[in-house]
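**Student:** predicted model, plus sequence, below.
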Amino acid sequence: MAITDKTGAEIAVEHNVEEKAFEIRLVAEDTIAGKAHYIESDGERIFYHTVVDSEFGGRGLGTALVNEALQASLRDNVTVVPVCPMVKGFLDKNGDAYAAEGGSTRNPTQADIDAARRA
């Protein structure tokens, strides 16, 4: 099933393992519009920075990106640690549903925040 943004444009979220980021791409333009960066450590994925290019704002790309990154984390059976405010906000609104699907999260520690600052 194709994923679309608020304008109806087809989008795709891909896991760039080398860059340790999930990337959202506008399919027709073959343009990367945003990324959700993470640190992976001991069965955890610490999301520390999510950005969507300002020219693509208001299209729901950030929400779609975070949702797909969390679904991939669920499939990969890793615990999500939301240092990034966008990921935290998404989980604040949708965390119960994510947990009901079997998703695992934990609150960030100071060590997680420090690691994110170094990334």
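**Tutor:** Good, I have the coordinates.
**Student:** list the contacts of Glu19.
**Tutor:** For Glu19, the contact set (Cβ atoms under 8 Å, 6 or more residues apart in numbering) comprises 35, 37. Quick note: C-beta positions are derived from backbone N, CA and C, even for glycine.
**Student:** how close does it get to Arg75?
**Tutor:** According to Cβ to Cβ, to the nearest Å, Glu19 and Arg75 sit 19 Å apart.
**Student:** just checking, Val87 touches Ile46?
**Tutor:** No. With contact defined as Cβ atoms under 8 Å, Val87 does not count as touching Ile46 (9.7 Å).
**Student:** buried sites along stretch 109-119?
**Tutor:** Across stretch 109-119, burial judged by 16 or more other Cβ atoms under 10 Å covers 112, 115-116.
**Student:** now swap in stretch 42-62 and tell me
**Tutor:** Quick answer for stretch 42-62 (16+ other Cβ under 10 Å): 44-50, 52, 56, 59-62.
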